[in-house]
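# What follows is a predicted protein model with its sequence.
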Amino acid sequence: MKKGSWTSKNFYLNKSFSGGPGGRLFKKAPLVAEGIGYNMKRRHFFEYIGGLYLASSFRDACAAVPRDEKFWKLIRKQFLFPQNYHYLNTGGLGSSPLMVIHTVKKMMDREDMQPVAAHDETHFWKIKKKCAALLGPGIKKEELAFTSTATEGINVIVNGLPLKPGDEIVTSTHEHVALNVPLLYKMKTGGIVIKLFEPDIENGMANVERVEKLITERTRLIFTSHITCTTGQILPVKEIGELAKSRGVWYALDGVQAFGHMPINLKDIHADFYAVSGHKWLLGPKRTGVLYVRESLLDTLKPSIVGAYSGKLNDIKRGLVELQPSAQRYEYGTQNDALFYGLEAALDFNAAIGGRTIWGHNKECSEMFYRGLEKIPEVEILSPREENYRSSMLTFRMKDRVNKKYSRFLERRGFRVRHVPEAESDGIRVSFHVYNNREEVVRLLEEIKKLPRLREDEIEE
């Protein structure tokens, strides 16, 4: 194999199996002998990083070189994408890097070699501490519960609050089905009232006023996305949070499009509840999620499902049960430990590159794309006009066309985008993350410029 080259096959062959009771599942991969310090030469870094799977080694290697275009192309090699495939749908599902994949596989093998019914609660607390750091200063690990998805966390919130028939929940018309269905079901079964506002993409702060106009004496909860899944709009969450606090209304957020995507500060935005998944922008395993519940509201938000690990004590003969004093009360039953160890690896991957560095890179790509779209007359941009309210997930559509066809055409050309039918948008959504780069932006814009000139049979082929 050529020096410095990498393949997914080589990634696994570089590790020798040494299983058995008490033994390590994988030995450490042979690494380049050159130093890992800040003076490491770039070519040595390239050779080194291709076979990495240890979080500490990856962190050291990332610290060795500047975050330039070559760095981001190198980061892409930590993923299993085939050549000439441009993945631009992180808003739908993130691809896990090799260190996450390896961790999950290793831990699943270990669990089947020496099965243990319980999970390591001490290590779970360590993982929660890392999650707390990503949610902002002052967040306690005791305020976090592991869930299977953001959908589960949303259901805990909607069904766990003491809502009565006639109580109102304010939300937007641009929410994900993960929030819409629980709200609608609660309306059908619990008699709550849903009040809607249409997000303003021209004036971000105008959304605060739109929310305020819907609040009455029966309003109990404001529940929206931090970033909308339709247009990638960052809502003015801090100002809405301040409004909720001033009116004595609970404030919950679907943070799935923000977690691992941009810096978060839950204390600053006055969030009472925050539900996220690990499988999108954090690039963690599927079926992992985290629910934040403000410590002072733990006794207010009742668990919908309880079981093993939910209770601090239980005595069936004496009729006694006491829930955990922390958000662990929302966890129950046997866990798939391997997935949450994989979530930890994703947190380490994010931390090694740097959350603000990731946000800066993603925004650089998305703003370059936005400026390119502005120059194409046949394109209508559906994402916010103000840059401060734009994320690195942008949505556009070709004017007076059926855009689902164009979305499929771009996919056949190797650009995995996502058609957006929600909120009657008929848009094409493009998400930029660590495995994307400016070169891809240029290539995608060139393809979009061709769309208006295509014949119907060329689009459908």
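The structure has been received and is ready for your questions. Treat the numbers as computed from the prediction; the structure is a model and nothing was measured. Residues are numbered from 1 along each chain as shown.

# where along the stretch 251-400 of the chain do the helices fall?
266-269, 337-353, 355-374 (DSSP state H, counting those that start in this stretch).

# now swap in the stretch 101-250 of the chain and tell me
121-134, 150-160, 177-190, 206-214, 237-246.

# so can I have CSV of the ones you listed showing mean neighbour count, mean pLDDT and distance to Leu253?
For every residue, glycine as well, the C-beta is placed using N, CA and C. What follows is the helices of the stretch 101-250 of the chain, written out as CSV (neighbours: other CB atoms under 10 Å; pLDDT from 0 to 100; distance: least, CB to CB, whole Å):
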stretch, mean neighbour count, mean pLDDT, distance to Leu253
helix 121-134, 16, 97, 15
helix 150-160, 23, 98, 10
helix 177-190, 16, 98, 10
helix 206-214, 17, 98, 13
helix 237-246, 19, 98, 6
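
# of these, which approaches Ala346 most closely?
helix 121-134 (9.7 Å; CB to CB).

# Now find how far off-centre the closest one is within its chain.
Averaging C-alpha positions (CA atoms, centre = their mean, to the nearest Å) puts helix 121-134 17 Å from its chain's average.

# So which elements touch it?
strand 144-147, helix 337-353 (3 or more CB pairs under 8 Å, 6 or more residues apart in numbering; DSSP states H and E).

# What is the burial count for Gly360?
Residues lying near Gly360 (other CB atoms under 10 Å) number 12.

# meant to ask about Lys105
The burial count for Lys105: 15, using other CB under 10 Å.

# List the contacts of Arg318.
If you count contacts by CB atoms under 8 Å, 6 or more residues apart in numbering, Arg318 has none.

# just Asn362 next, same as before
His261, Ser392, Phe432, His433, Val434, Asn436.

# and which of the residues you listed is nearest Leu343?
Of the contacts of Asn362, the one sitting nearest to Leu343 (CB to CB) turns out to be His261, at 15.7 Å.

# Leaving out chain neighbours, which residue sits closest to that closest one?
Nearest in space to His261, with sequence neighbours left out and distances taken as CB to CB, 6 or more residues apart in numbering, is Trp281 at 3.8 Å.

# And for Lys312?
Glu322 is the one closest to Lys312 (CB to CB, 6+ apart), at 4.7 Å.

# How much space separates that neighbour from Asp315?
Remark: distance between Glu322 and Asp315 (CB to CB, to the nearest Å) = 9 Å.

# and the closest residue in space to Ala252 that isn't next to it in sequence, how many neighbours does it have?
By the measure of CB to CB, 6+ apart, the closest residue to Ala252 outside its immediate chain neighbours is Phe273, 4.0 Å from it. Other residues near Phe273 come to 27 when the count uses other CB under 10 Å.

# Bridged to the residue nearest to Lys312, which residues?
With DSSP bridges as the criterion, Glu322 is bridged to Leu313.

# So it sits against Val306, correct?
No - judged on CB atoms under 8 Å, Glu322 makes no contact with Val306 at a distance of 11.3 Å.

# dump the residue contacts of Ser391.
Here Ser391 is in contact with Ile227, Gly232, Gln233, Ile234, Gln257, Ala258, His261, Met262, Ser366 (CB under 8 Å, 6+ apart).

# rewinding a little: of all the helices of the stretch 251-400 of the chain, which lies closest to Ser296?
Using CB to CB, the helices of the stretch 251-400 of the chain put helix 266-269 closest to Ser296, at 12.5 Å.

# Quick one: list the elements packing against the closest one.
Counting by 3+ CB pairs under 8 Å, 6+ apart, helix 266-269 packs on helix 237-246.

# just how off-centre is the helix it packs on within its chain?
23 Å.

# likewise stretch 226-244?
16 Å.

# again with stretch 220-232
With CA atoms, centre = their mean, you get 14 Å for stretch 220-232.

# Can you check which of the helices and strands packed on helix 121-134 gets nearest to Asn155?
strand 144-147 (9.1 Å).

# Contacts for the closest one, please.
124, 128, 131-132, 135, 153, 156, 275, 288-293, 327-331, 335, 340.
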